[in-house]
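Enquirer: Here you go, sequence then predicted model.
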Amino acid sequence: MEVLTPLLTVFAEPQLLALVALGTFAGIYVGAIPGLSVTMAVSILISFTFTWDVYPAISLMIGIYMGGVYGGARTAILLNIPGAPSAIATALDGYPMARRGEAGTAIGVTTVMSCIGGFVGIGVLALAAPLVSDFALRFQPRDYMLLALLGILLVGSLSTGSLVKGIFAGALGIAIGAVGRDPLTFTERFTFDLQILEGGISFIAVMIGMFGVSEALLQLHHVDKPAIRQKIDRIVPSLATVRKHLPLSLQTSTIGVVIGALPGTGGDIAALMAYDHAKRVTKHPERPFGDGAMEGLVAPETANNAAVGGAFIPMMTLGIPGDAVTAIMIGALFIHGLNPGPMLMIDRPEMFWFIVGALLTANVFMLIFGLTGIKLFTRIVEMPRSVLIPLILLLSIVGAYAVNNSIADVYWMLGFGVFGYFLRHYGYPLGPVILGVILSRLLDDNWRRAIISEREDLGRFFAGIFSSPLSTVLFIGVVLIFVSQTPLWRRLKARVLRPSGT
Amino acid sequence: MKHVILSAVSVLAIGLGAAQAEDYPTKEIQGIIQWGAGGSTDTVMRSVTPHAEEALGGTIVMQNMTGAVGAIALNHVASSDPDGYTLLMGAENPLLYKVMGLGDKDYNDFVPVSILARGTPLVVANVDAPFDDYAEMVAYVKANPGEVRFGATGPGGLPSVITAMINTVEGELDVIAVPYDGDGPALTALQGGAVDVMPAVLGIAIEGIRAGTMKPLAVFDVAETDKLPGVPPVTAFNPAFETYLPWGPFFGVFAPKGTPDEVVAKLSDAYAQGVANPEFVELMENRGFELMGISGQEATDFLTKWQQGTTWLLQDGGHTKASPEEFGIARPGE
Amino acid sequence: MRRPDPDHHDGTADATPGGCDDARRPGELAFVVLLLLASLALLWSAYGISGFEALSAPGSVPMAATTAMVVTSMIVVLRTARLPRSAGETLRRDILPGVVVIFVLLLIAYALLLKPLGFLPTSGLFLMVSIRILSGRGWGFALTVSAGSLLAIWLIFRIVFTVLMPPGIVPEAEFIQIFRDLGAGGR
């Protein structure tokens, strides 16, 4: 009873239901436009909903959050421009599908899979929040560092062309992420004594430039080619399709929840890790990865929506944000007179169940809005390129500016756009660049924290790793994945398997 | 066609501009928040500004501009027109930029509109730490040099100032300072055991203390606070701290130097009313902030005193890049 | 990797980079040599951050990353130099056709004009000129489409999301205030 009433509050009040719906709907568009981020939308909503009650305010924010995480996939599929960092992996297989005229199918699958991922995330939040947050708290700086290394190794699966070029791109990303004043010591890094570089380079600006502008410039090569006609008759995926991908989607959802629950990592890393996982476990995809494999859509989309529920876990149980959006929500709860922290679950349990209820509702609305109105979205790709390309360029500019209200970011975005254009022409994969930028801080900061904690002693550092089961597991994971990517392993495997295999 | 509209609009605008400060504000005001969304500066500004807007009868659009520990936002506002339409919403650390080598501007290039509130620092420890109060901690650190990990937030951050204070009063303590990029992540690390001790502001630690996920060692003030009854002030352990206390981070709204006095007065008045709003008062008290709402000469004096005390403390502890003397910051009491 | 048009691969999808594995595209050698030089410069810069001061120094990870860049770009340069030139491709046609150059110039002009002229006029001009160039249709078409889409973008970003783009010569804030006053007066 105590659980059910607050859980159903959303349904009992039509006003709240409408707000969740409105938020989810708006969120899909916010997420789809590169440069408009959920973080931004939610922080504006704080001022906007200032005089409201706490329930309506939170309802609207949760709707935007859910819808926004899902919405990023739209432009990734249709235009090869991820609307949000968490949709980068979605573009890898989603865009090839759109080029075959299967954008409708791709959007349908991402919608259903996002919904499944969302439910898994919310389920874990509702049933095992204290357990997961205990686990997440146990992550030490060295564990975050190992996690970042694990992420860096994804370069292998993100670069389909030459691995050497992929490694270059990843390292470049890490270097880009280090530009500006180091947040730990305020030392200037790669600033060349220029003030414009002191604040660093916004990674959203890099992403918008590399994907948005370079894509638009490439499209200029064939302005006159007619747009691809999209088949939009088969949007809702068949039950058989869903059932086939269910095991994978549950695995990648789990990745999403855990990565989402860790303070300091969010849906972007979760989606990339899930993509990598899918590539490893899927032995025989219908189409190769990178050419429109369904699994390549299932994995990142389940993971990033599962990460939403995950991010709420430390927020609700400990008052620690799981990502940037939950950080703002903590501020919102505070402004509305609540005291987010470990006592919230004890003082105001109804708030927890209300949020779970609102998340569930948002997830259902996401499914509804996701599967309808696709026609309108696919129209975008069918627009004449002569109008579409200038619009993409302008949106990229506004989006890059909006991230931090900085003209410098616009310059970076344009610079990286042109640079990305050449990189693409000469066979450098762009995914690893963004991966490097995302992971740069995680790797750098935590490596330094870890080694400082051990008094700069590598021996103590490794002793530390092997004294903790969690670190040991992560370390073994890093080693195994690294070895499996080197040619040596392939040769070894071939030699071992040849006698037994037929 | 477009020309006609444009010139019509600009004529209108000039007409409005001529209507001077009595009509202020005639357009929306930009409030540049120095820190990211969700941080404590952000939360405080977003919760007081709507009340101030009401008193002012205008709109204040708040934007987060992060980077270079707030120096980017500070420089942006300092170089904007001093017409009262661009305000800086910041915290205490710009007063340390000069001595930390982070920039050549600080609040001396601004007029304080309002210093809203002040936080009380305290020192918390991981629940499993082998000491239960401040004195035991100092004794433990001295007995186990180089073993205790202190959370830090970079040079000039609150933990670095408190640590400098402790080192000055108790003599150098040999601890490991593990840097985090904010007090939030550092307190998370404290709960996870990656850090043993963390100087933090009361407001952010209070919920954790209430729930027993971290334990308070001492409040860095001259008296006990009613938010945390039973936690002794640090002066109870060592009266030598009285020289430096009370000290604490603060939040304030600032306008670029040269902003017309009437405009600043209007804004100050609006924020003073905002600070007095019962909802805001309750909000801040729950979080253990000391409300101030001061402006004018009082605020300027407060800033000067704060800067003198803190920069010289850091200078004497050897944490600065340049001596306060170079910037004409006098030693306190001189 | 299969390509629909073997002579003019466009490199559209990220997962299918536009490079050739078995031939050197026009300008590729110059580009990879440039990357090598840039990597070397960055490595030098990274060394300058803190040298080999400590494992935890702020320069450690940047040095590791730039070292990886130098090593990989050296390998790429050596490999690329050995490849035969790709047949039938020219820089002017396949890498940098006129229209791309024009757009890069337009973007540079945009970046330069944004601050002094302001967001609305700069964007309006940009959209009109680029749509005119690409569509080959009249100014009327270009004007209508750009005005419409610019209005939509402005409403979303400026009004809903309160993103303060540089106003330049347009007194945006005053303009909005007039509407706000009108709204308030009407109420």
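Expert: All right, it came through fine.
Enquirer: any idea which helix or strand comes after the helix or strand where residue C:73 lies?
Expert: Assigned by DSSP states H and E, residue C:73 falls within helix C:60-82. Reading on from helix C:60-82 to the C-terminus, the next helix or strand found by DSSP H and E is helix C:98-117.
Enquirer: Can you report how many residues lie near residue C:22?
Expert: For residue C:22, the tally of surrounding residues (other C-beta atoms under 10 Å in any protein chain shown) stands at 7. For the C-beta atoms, the positions are set from N, CA and C on the backbone; glycine is no exception.
Enquirer: how about the helices of the stretch 201-334 of chain B, start to end?
Expert: B:202-211, B:234-237, B:261-276, B:278-286, B:296-316 (DSSP state H, counting those that start in this stretch).
Enquirer: how about those helices, which one is nearest residue B:330?
Expert: helix B:296-316 (6.0 Å; C-beta to C-beta).
Enquirer: quick one: is the closest one near chain A?
Expert: No. Helix B:296-316 does not reach chain A (C-beta under 8 Å from any C-beta of the partner chain); its nearest approach is 13.3 Å.
Enquirer: And the helix holding residue C:73, what does it pack against?
Expert: Contact here means 3 or more C-beta pairs under 8 Å, 6 or more residues apart in numbering or on different chains; DSSP states H and E; on that basis helix C:60-82 packs against helix A:163-178, helix A:431-453, helix C:28-50.
Enquirer: Show the average pLDDT along it.
Expert: The average pLDDT for helix C:60-82 rounds to 93.
Enquirer: got the angle between that helix and helix C:28-50?
Expert: 160 degrees (axes from the mean of the first three to the mean of the last three C-alpha atoms, to 10 degrees).
Enquirer: Centre of the chain to helix C:60-82, how far?
Expert: Helix C:60-82 has its C-alpha centroid displaced from the chain centroid by 24 Å (C-alpha atoms, centre = their mean, to the nearest Å).
Enquirer: for it, which positions count as buried?
Expert: Of all the residues in helix C:60-82, those buried under the rule 16 or more other C-beta atoms under 10 Å in any protein chain shown are C:60-77, C:80.
Enquirer: check contacts around residue B:51.
Expert: With contact set as C-beta atoms under 8 Å, 6 or more residues apart in numbering or on different chains, residue B:51 has these partners: B:273-274, B:277, B:279-280.
Enquirer: Would you mind stating the distance between it and residue B:250?
Expert: Look at residue B:51 and residue B:250: by C-beta to C-beta, to the nearest Å, they are 18 Å apart.
Enquirer: same question, residue B:192
Expert: 30 Å.
Enquirer: And chain C, what are its domain boundaries?
Expert: C:28-94, C:97-186 (automatic domain parsing).
Enquirer: Please tell me how far residue B:292 sits from residue B:32.
Expert: Where residue B:32 is concerned, residue B:292 sits at a distance of 21 Å (C-beta to C-beta).
Enquirer: mind putting the helices of the stretch 201-334 of chain B in TSV, mean pLDDT included?
Expert: Shown next, in TSV, are the helices of the stretch 201-334 of chain B (pLDDT from 0 to 100):
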stretch	mean pLDDT
helix B:202-211	85
helix B:234-237	91
helix B:261-276	89
helix B:278-286	85
helix B:296-316	87
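Enquirer: Quick one: closest of those helices to residue B:174.
Expert: Here helix B:296-316 is closest among the helices of the stretch 201-334 of chain B (C-beta to C-beta), at 18.4 Å.
Enquirer: Are stretch A:339-353 and chain B in contact anywhere?
Expert: Yes. Against chain B, stretch A:339-353 shows contacts by C-beta under 8 Å from any C-beta at A:339-344, A:346.
Enquirer: Tell me which entries of these lie within strands.
Expert: The strands, defined by DSSP state E, take in nothing from these.
Enquirer: Which among these count as buried?
Expert: A:339-344.
Enquirer: check contacts around the residue of the stretch 201-350 of chain A found nearest chain B.
Expert: Nearest residue of the stretch 201-350 of chain A to chain B, counting by C-beta to the nearest C-beta: residue A:341, 2.5 Å away. Going by C-beta under 8 Å, 6+ apart, residue A:341 touches A:318-319, B:206-208, B:210-211.
Enquirer: can you rerun that using 7 Å?
Expert: Under the criterion of C-beta atoms under 7 Å, 6 or more residues apart in numbering or on different chains, the contact list for residue A:341 reads A:319, B:207-208, B:211.
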